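A.B. asks: predicted model, plus sequence, below.
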Amino acid sequence: MTDPRDSRALRLEPVTDEEPAMLMTSMIDVIFIVLAFFVCVSEVKKGRLGVDVPQVPNAEASAAQGDKEPIVVEVTGDDRVFVCGEAARSEEELTRLIAQAVERLGTDAAVHLSGDRQAKNGTMMRVVSHLSKAGLKRIEFAVQAGG
């Protein structure tokens, strides 16, 4: 057994296997605390967006002005498209029916586009694209009040 007073027994050798490094755990904790602080004190805008919507006349006022007959386009819940009461079974037929309505009523005629709640958005956008390509600019969406 060694004598505890022996100087060789108390000498500690420095360990050189580890590189000096900065502990990241405490820095990450501080960053999360600062992030939580900014989340808590930041002002989150709740409510509605400020959208400037134009005023449009109601249907009775439009009819009283003596406007031309509108082009009525309907999209059903199963994505069938009707132009002035006639079914369009293909893209070509839809183009043809819109062209006939434009020829009869002109490009300045209003289009009343109504879509079923179950109709796909893609179908509605396809119909709007066909109407725009035909030169129609007054596309009015028919909606039901009350949401």
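C.D. replies: Cool, the structure landed.
A.B. asks: how long is stretch 100-115 from one end to the other?
C.D. replies: One end of stretch 100-115 to the other measures 21 Å (CA to CA, to the nearest Å).
A.B. asks: now do the buried residues in it.
C.D. replies: Residues of stretch 100-115 classed as buried: 101-102, 105, 109-115 (neighbour count, 16 or more other CB atoms under 10 Å). The way it works is simple: take the backbone N, C-alpha and C, and place the C-beta from them, glycine included.
A.B. asks: stretch 112-130 now?
C.D. replies: Across stretch 112-130, burial judged by 16+ other CB under 10 Å covers 112-115, 119, 123-124, 126-128, 130.
A.B. asks: list just the nearest of these to Asp78.
C.D. replies: The shortest gap between Asp78 and any of the buried residues of stretch 112-130 belongs to Ala119, at 8.2 Å (CB to CB).
A.B. asks: tell me the pLDDT at that closest one?
C.D. replies: You'll see Ala119 listed with a pLDDT of 81.
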